Each structure stands twice: as C-alpha cells, then as structure tokens.
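Undergrad: Test case, fold it:
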Amino acid sequence: MSKFNRIQAIGTLAAALTLTLGGAAQATEFGFKGSDTLFDVLTDAVTNYKAELGLTCAAGSDCVKYLGTGSGNGEKSMALHTAANTPFQRIAGMSRNMTAAAQTTCNGRVGAGLCNPELKNVLGLDAAVVAFGSGSFTTCPNVQVGSQPDGTALPNNLMALILGGKGGTGDWVACSAPERVQAIQSLLDCSAGLGAFSHFYRRDDSSGTSDSVREKLQISRFCNGSHKPAAGQLSANLVGPDNDPIRTACPAPSASRKPVRCTVTDPTNTASYLKDCSSKRCSAAATVAGVSYAAGFLACTADSECAALGAGTCTAGLASSEPGCTAGFVVSLSEPDNTQVTDITMAIAQRILDDASAVGYAGREAIRKAPISGQPAKGARVNTNQASDSNVRQDKYLMARRLFLHDTCNQNAGVAITTDTTGDAARDAAECQFFKWATDELPEVSGKSGRENIDPIMAKFGFLPCQDDFGQPTGDGNLCSKSFSGGFPAGLDAPAACVANNRTTAGWVATTCTAGTICCSDGLTCADPSHAALTCPVPAKRATGAACTYDADCLSASCDIFGTATTGTCL
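TA: Numbering: from 1, shown residues only. Okay, here's the model as predicted:
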C-alpha cells in the first residue's frame, strides 16, 4: 500500500503524462501528491472512478492521477502552496491530519474554514506497528508504553527511548544516555537468543506513519536525524543524516536491497574517516527528468547504470565493505528496495524477515501482507493490545490512526470553488469531481455514495473502513468520528534539523549552525545564549553507562566495546 512514487524519474507534477485519444486534443493528466501509505488505494480509486463514469481523458477535466511521494508533500502542494510546490492542488491523501500551521495558512488563502477536515475527509483507519521477524521476540511480545488521558504514551517509554533517546529529543546526549542503552537491552532480552541488534528500520520524516509514531510515543526527533528528501529524489535513502551515536555494521546493498546512509567511524582508517561509505556512486554529474545531480551522488552497482544516465562510471565514493563502515542503529528508508518490493512498508517488512536481528515500525500492512518470501512479519502488542480491526476502530490500540483525503473543494456546502491565483480551473474541476465521487454522502456522481465507492478499496488493500456497512460513523466509539465535535487533532509540525558536529581524528570540533536548527551536541537551539554565535559546541564527555564509540567520548576516557561490536558503554 505504501507505494513509493512509481514514476520516480518524474521530478515535478509539471511532468505529468499526456494522452491523445482518437484524434482528440492533447489533455493533461493532473497528478496530485500525497501519502505513500494510500498509494494503492487512491490509484485504484482513480481507476474505478474513470471506469464508472466512462472518462477517457479526452479533456483535461476528466483526468487525475495519484503520485504519492508522502503526506508532507501533499500538504505542501495543497495547504502550504508556494512557487516551489507547483502546481497548486485541491486534494491530498494523507495518513495524518494537517498541522495547525498548514490549516491556518491554507484557510487564509482559499477561504475561512475551507481547509478544516470534516468527517467525510476520513477515508478509514490504519495503525503503526512495531514489526519483527517470526522467530524473534517470542518471550515478551508486548511493548508496554503506558497511556495518558490524551491517548499518547507516557514520556520516556521503552520505544521512545529506543527511537528518540531520553526525553525523545533525538540529540546525542539523549541518544547516548544510559537509559536508552538499557531500553535497547530490554528489547533485546525479549528476543529468541539474539546476541545483538542490527538496526531499527523506520519510515522517513515525509511519512505520516512517522508523524503518528512521534505523536503517539512522545518523540520530538529520531536519533538518526530528520530525513525528508524532496519528492522524486533519486537515491533518496542516501540524502538523510546518519547521526545515531549507537553504531552497527552498515547493511550492504544488493540486488534486493538499496543502500542506506553509512559512515566510516574507525579513526584508524585515516584516509576515509567520517566519509560516507553507503555505496559506490556515479562519477559524473547527471540530469534526470530535469533534476540535476552532482558527481558522486547517484548510487550504483554497475557501470551500465551510470552510462545509461550519461553519468560516467560506477567508481566514486566508498562501498559498505570499507574498513570501519558503520550505520546508526536507527535507519530510515525513503525508497522501495526493488521491483518486487515496490513500497516502503513492505521493504521494511522484508528487511526484518531477511535479518532476524532487525526490528522496525511501519503501517499495519507489514504484519498483514506476505512479502516476496515467507510469512508476514509479526507485530508486537502495545500495552497488551493487538492492532486488530476492533481495537483500531475503537481506538484501544495506542498507535491507531485516521487516513484522510483532504480537500479545499467544499462542494457539499454549496460554496463555489475559488481558483487560487496560481491555480488551474481545469485541475480544480478534475480533482474536486474525483473528491466528490470518493467522499460524498449522496450518490451524486456515480449512483453510489462515497463510502460505497471507497470502502471496498480500503478493505481490498488491508485498511479498515470506518464501518462495515458503508455507512457514516458516529460517536466516540469509532475512531473515524471520535472527537469530531471539537475538530480532529492537528498533525505534528516537522522536527527542526539536528546539526551534527564535525570531527577529526584528533576529536570533535565546534560547528557552525543556522537559526531554527538544533545542535546534536547538546540538544539546544543553535541560537541558545549559552552558545557562541550560531555555533554548536563540542559534545560534553559522557557519564558511566552511556553509549560510546571512542575512549575520548567518555569522562573516564574508557569506552568498553565488546567483541566485534562497534559501540560500547563508558566505564
């Protein structure tokens, strides 16, 4: 379901497909961005919509196409539209609600209240799950995180410590804290005889799944850093940070697994110390679908891949086999791994099943759909509750969430579409007609209500319709309608970037930063009065029990690393 932009080479919506049918005038196929989680659902819905209405795409108003690329990108193009997010779109599939700031900006531009979601905007339900292989975590398959009155977990719960460190702030102090080390060990103690973990895989920060995890588990920022590649970004796994101070071996890329960001952290490898060692790269610059990429950026495994793009040979950069090449414990994925594992949710599931020492979070599809080999991954209980249909619908499962098709059409209220100054009247009509087909209570478009049209598709791809009878949900006993009288809770704002310090073989050095960012070294804002002007200070020495990679990390000047591990604890 969480299909990642099948037309990956298309850099912008302006590059959408055009068709010529029976000599008719060439027509634009209006692509709209949104959640990867909803890719299969909305792609199927568009296909059914066209078929039921007999639309042939012979005129621009007939044609819509779902592009995916992430909830954040859909929000930008609909609610936070700027010249950089063209063209303006009227609808966006999202696996979370819009942020309060996005709703305010959007309402100020297209009309008061037109961007506030209504009950009809809720397509159905899903849940984020902590997934693991079938042979792992059999001794304690429950994650106890507690619960607060607002439905979120208690601060510093087990998963928040593992993913965001002490306090959930995601900086180096938080992510090397003894409490995080102990939390990872506690989860490891649940495993079926594993000696160590490899990685905790997650969705990147363009994903509504990650927003839901941050919100529900009380996490401000993940330990590997904020990873939010641009829509259509090639080699998207490699543009994110690799900040996690707890290090493990770099997962080697292969035909079935794309490279992720890795770093040489062994100071004895002086020639390559702190260089990226994710993958070989194309040696020359290239332009793909109008987007320019510098030499040494595009990941590759063979010269032929680079030659096809006019990007030289596959020689630049360091491979994962480079001595001392490591990756952080938390790793984010932004692209599917291959043509068989074509969405990121299932890429996480497949990596977990292929590597018994890995764990991760993803949408509920990861534990309900069989991957290309083996059985579906297993899902941990949260506060003793499974991510079952009834627990999700009744909001008993802590990481249950709503799935939205947001809009600025407001057609049911009888308000005419107000074309944005940068908008397109044909696009507006095409998107809002599809929205009406998918959501209206009255069968005005196809002879069926919106829920009759969309609910079977939701169920087909493993999501949970609001009700089993195609009806409109009511009351707080159903998560679709829960709290609607007061408005649905707004989504979380994106986390500020954490600026990592530079390091030489001689040790850490202070690093310049920009206003609005956070310093990884101490978790404070760049402009904090305790800092020199726009400078992140050298990290403080770590106390006994904190995670470390070097003796110099510790107050005791002694980092105890066991066996072949790459991270230890300060003595």
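Undergrad: how about the helices in the chain?
TA: Counting by DSSP state H, the chain has these helices, from start to end: 39-53, 71-78, 100-110, 158-164, 172-175, 178-189, 208-217, 303-307, 344-354, 389-393, 425-439, 450-460.
Undergrad: which one of those lies closest to Gly523?
TA: Closest to Gly523 of the helices of the chain is helix 172-175 (CB to CB; 5.6 Å). For the C-beta atoms, the positions are set from N, CA and C on the backbone; glycine is no exception.
Undergrad: returning to that earlier point: is it possible to get JSON lines of the helices of the chain that adds mean pLDDT, distance to Thr248 and mean neighbour count?
TA: Converted to JSON lines, the helices of the chain look like this (pLDDT from 0 to 100; distance: least, CB to CB, whole Å; neighbours: other CB atoms under 10 Å):
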{"stretch": "helix 39-53", "mean pLDDT": "91", "distance to Thr248": "31", "mean neighbour count": "19"}
{"stretch": "helix 71-78", "mean pLDDT": "86", "distance to Thr248": "28", "mean neighbour count": "28"}
{"stretch": "helix 100-110", "mean pLDDT": "84", "distance to Thr248": "36", "mean neighbour count": "17"}
{"stretch": "helix 158-164", "mean pLDDT": "95", "distance to Thr248": "13", "mean neighbour count": "25"}
{"stretch": "helix 172-175", "mean pLDDT": "95", "distance to Thr248": "14", "mean neighbour count": "26"}
{"stretch": "helix 178-189", "mean pLDDT": "90", "distance to Thr248": "11", "mean neighbour count": "17"}
{"stretch": "helix 208-217", "mean pLDDT": "91", "distance to Thr248": "21", "mean neighbour count": "27"}
{"stretch": "helix 303-307", "mean pLDDT": "84", "distance to Thr248": "28", "mean neighbour count": "16"}
{"stretch": "helix 344-354", "mean pLDDT": "89", "distance to Thr248": "13", "mean neighbour count": "27"}
{"stretch": "helix 389-393", "mean pLDDT": "96", "distance to Thr248": "32", "mean neighbour count": "18"}
{"stretch": "helix 425-439", "mean pLDDT": "88", "distance to Thr248": "43", "mean neighbour count": "22"}
{"stretch": "helix 450-460", "mean pLDDT": "93", "distance to Thr248": "37", "mean neighbour count": "20"}
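Undergrad: For Val499, which of the ones you listed is the nearest?
TA: helix 172-175 (10.9 Å).
Undergrad: Just the CA trace of the closest one, in CSV.
TA: Extracted in CSV, the C-alpha atoms of helix 172-175 (Å, rounded to 0.1, in the frame of the first residue of the first chain):
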residue,chain,number,x,y,z
TRP,A,172,23.5,13.0,21.0
VAL,A,173,23.1,13.5,24.8
ALA,A,174,19.6,11.9,24.6
CYS,A,175,20.6,9.1,22.2
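Undergrad: Please give me every residue in contact with the nearest residue to Ser357 once chain neighbours are set aside.
TA: Excluding the flanking residues, the one nearest Ser357 by CB to CB, 6 or more residues apart in numbering is Ser198, at 4.3 Å. Applying CB atoms under 8 Å, 6 or more residues apart in numbering, one finds that Ser198 lies in contact with Thr248, Ala249, Pro251, Asp355, Ser357, Ala358.
Undergrad: how close does the residue positioned nearest the centre of the chain get to Ala285?
TA: Centroid check for the chain by CA atoms, centre = their mean gives Ser207 as the closest residue, at 2.8 Å. According to CB to CB, to the nearest Å, Ser207 stands 29 Å off from Ala285.
Undergrad: still on that earlier bit, ok, for the residue nearest to the centre of the chain, nearest residue in space, not its chain neighbours?
TA: Nearest non-adjacent residue to Ser207 (CB to CB, 6+ apart): Gly70, at 5.9 Å.
Undergrad: since we're on the one you found, how many residues are nearby?
TA: Residues lying near Gly70 (other CB atoms under 10 Å) number 32.
Undergrad: So in this structure, where's the weakest helix or strand by average pLDDT?
TA: Ranking every helix and strand in the chain by mean pLDDT, DSSP states H and E puts strand 18-19 at the bottom, with a mean of 26.
Undergrad: quick one: low-confidence ranges for the stretch 451-571 of the chain?
TA: 484-486, 562-565 (pLDDT under 70).
Undergrad: Please apply the same query to the stretch 301-450 of the chain.
TA: For the stretch 301-450 of the chain, the ranges with pLDDT under 70 are 373, 411-423, 444-445.
Undergrad: all strands for it, in order.
TA: 314-316, 325-328, 330-333, 359-363, 378-379, 381-382, 400-407 (DSSP state E, counting those that start in this stretch).
Undergrad: I'd like to know which elements the second one is packed against.
TA: Which is strand 325-328. strand 247-249, strand 263-264 (3 or more CB pairs under 8 Å, 6 or more residues apart in numbering; DSSP states H and E).
Undergrad: so which of the ones you listed gets nearest Ser235?
TA: Among these, if distance is taken as CB to CB, the winner is strand 263-264, at 15.9 Å.
Undergrad: rewinding a little: let's have the strands of the stretch 301-450 of the chain in JSON lines, adding mean neighbour count.
TA: Output for the strands of the stretch 301-450 of the chain, formatted as JSON lines (neighbours: other CB atoms under 10 Å):
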{"stretch": "strand 314-316", "mean neighbour count": "18"}
{"stretch": "strand 325-328", "mean neighbour count": "25"}
{"stretch": "strand 330-333", "mean neighbour count": "27"}
{"stretch": "strand 359-363", "mean neighbour count": "30"}
{"stretch": "strand 378-379", "mean neighbour count": "22"}
{"stretch": "strand 381-382", "mean neighbour count": "23"}
{"stretch": "strand 400-407", "mean neighbour count": "26"}
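Undergrad: Dump those strands into CSV; add distance to Val509 as well.
TA: CSV is the format used below for these (distance: least, CB to CB, whole Å):
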stretch, distance to Val509
strand 314-316, 26
strand 325-328, 20
strand 330-333, 25
strand 359-363, 34
strand 378-379, 43
strand 381-382, 42
strand 400-407, 42
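Undergrad: Which one of those lies nearest to Asn453?
TA: strand 400-407 (11.6 Å).
Undergrad: The closest one pairs with which strands, and in what direction?
TA: Counting by DSSP bridges, the strands paired with strand 400-407 are strand 91-94 (antiparallel), strand 122-132 (antiparallel).
Undergrad: got the ones you listed as TSV, with mean neighbour count and mean pLDDT columns?
TA: What follows is these, written out as TSV (neighbours: other CB atoms under 10 Å; pLDDT from 0 to 100):
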stretch	mean neighbour count	mean pLDDT
strand 91-94	28	94
strand 122-132	28	93
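Undergrad: Quick one: closest of the ones you listed to Ala540.
TA: Among those, if distance is taken as CB to CB, the winner is strand 122-132, at 31.7 Å.
Undergrad: Tell me which of the strands of the stretch 301-450 of the chain sits nearest to Ala294.
TA: Using CB to CB, the strands of the stretch 301-450 of the chain put strand 314-316 closest to Ala294, at 10.1 Å.
Undergrad: just checking, what packs against that closest one?
TA: Counting by 3+ CB pairs under 8 Å, 6+ apart, strand 314-316 packs on strand 281-282, helix 303-307.
Undergrad: Take these and write them to a markdown table, including distance to Asn237.
TA: Output for the helices and strands packed on strand 314-316, formatted as a markdown table (distance: least, CB to CB, whole Å):
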| stretch | distance to Asn237 |
| --- | --- |
| strand 281-282 | 13 |
| helix 303-307 | 16 |
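Undergrad: Leu114 is nearest to which of the strands of the stretch 301-450 of the chain?
TA: It is, among the strands of the stretch 301-450 of the chain and with distance given as CB to CB, strand 400-407, at 8.5 Å.
Undergrad: Just the CA trace of that closest one, in PDB.
TA: C-alpha atoms of strand 400-407 as PDB (Å, rounded to 0.1, in the frame of the first residue of the first chain):
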ATOM      1  CA  ALA A 400      -4.200   3.600  15.600                       C
ATOM      2  CA  ARG A 401      -4.700   6.500  13.200                       C
ATOM      3  CA  ARG A 402      -7.000   8.100  10.700                       C
ATOM      4  CA  LEU A 403      -6.400   8.200   7.000                       C
ATOM      5  CA  PHE A 404      -7.500  11.300   5.200                       C
ATOM      6  CA  LEU A 405      -8.400  12.700   1.800                       C
ATOM      7  CA  HIS A 406      -8.000  16.400   2.500                       C
ATOM      8  CA  ASP A 407      -9.600  19.000   0.200                       C
END
